[in-house]
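Participant: task: produce atomic coordinates for the following.
(one chain, ligands or ions: 1)
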Amino acid sequence: MIMQNYIQEALRTAAGGTPHTDKVPAFVLLELLLARVDTNTDIDAAKKSLFYGKAPTLNMESIRSSGPYQDTENASYAPVDFNVLHGVVGIDTEAAELVELLATAIQTGEPIDSGRVVDESGDLLWYLAILFDAVGINFEEVMEKNIQKLRVRYPEKFSEHLALNRNEAQETAHFH
Ligand SMILES: [Mg+2]
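Facilitator: Below is the predicted model of the structure:
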């Protein structure tokens, strides 16, 4: 599948209409976005130390003693390909940079600069390329399978009912 066809197919299933802003006030979304930006500061620092050798700025002891999760003390890098890890963590940190642009716009009332979207989206694309290469897949295959999934979910077009009532097994059958 070529990119132009993917975009057409993706737009076919895009949600239209007015968002339900009465259900999620702007301050609630902003709080969640800002929390995500905070987390990203630490994840990005970890990425830069792990892959670029930067001196760690994280407080390891504080993370060790106050981490909220259970069963992390036996964590190991062993099962993970480092190119996969680099790709996934990079996708996350670059997505969070887009989140930061959005949070700033909501907070300041200034629209997002499209140049910044190009910049961060390019970074995101770069990490996707790293991940796809590490896993042995390609953009064409990913685009095709994504559209197949959406065709199962929305045979005609997007609807809120279909978005909320999915048959996950049927949708993902062609991935395996
Ligand atoms: Mg970036």
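
Participant: Tyr52 - how many residues pack around it?
Facilitator: 7 (other CB atoms under 10 Å). C-beta here means a position set from N, CA and C on the backbone, and glycine is covered the same way.

Participant: downstream neighbour of the worst-scoring helix or strand of the chain on mean pLDDT in the secondary structure list?
Facilitator: Ranking every helix and strand in the chain by mean pLDDT, DSSP states H and E puts helix 60-66 at the bottom, with a mean of 86. Where DSSP states H and E defines the elements, the next helix or strand beyond helix 60-66 is helix 82-108.

Participant: which elements pack onto the next helix or strand after that next one?
Facilitator: From helix 82-108 onward toward the C-terminus, using DSSP H and E, the following helix or strand is helix 114-135. Judged by 3 or more CB pairs under 8 Å, 6 or more residues apart in numbering; DSSP states H and E, helix 114-135 is in contact with helix 82-108, helix 139-153.

Participant: so which residues on the protein come close to the ion?
Facilitator: 94, 97, 120, 123 (CB under 5 Å from the ion).

Participant: with those in mind, which one is nearest to Thr172?
Facilitator: Glu94 (25.3 Å; CB to CB).

Participant: need the pLDDT of that closest one.
Facilitator: Listed pLDDT for Glu94 reads 98.

Participant: ok, now which ones touch it?
Facilitator: Residues near Glu94 by CB atoms under 8 Å, 6 or more residues apart in numbering: 120, 123-124, 127.

Participant: coming back round to it: for Asp133, find the nearest of the helices and strands packed on helix 114-135.
Facilitator: That would be helix 82-108 among those, by CB to CB, at 7.2 Å.

Participant: now the angle from the closest one to helix 114-135?
Facilitator: Orientation of helix 82-108 against helix 114-135 (axes from the mean of the first three to the mean of the last three CA atoms, to 10 degrees) gives an angle of 160 degrees.

Participant: identify each buried residue in helix 82-108, please.
Facilitator: Going by neighbour count (16 or more other CB atoms under 10 Å), the buried part of helix 82-108 is 85-104, 106.

Participant: ok, stretch 109-121 next?
Facilitator: For stretch 109-121, burial by neighbour count (16+ other CB under 10 Å) applies to Glu120.

Participant: just give the number of residues close to the residue of the chain found nearest the ion.
Facilitator: Relative to the ion, the nearest point of the chain is Asp123 (3.7 Å; CB to the ion). Asp123 has 17 neighbours, counted by other CB under 10 Å.
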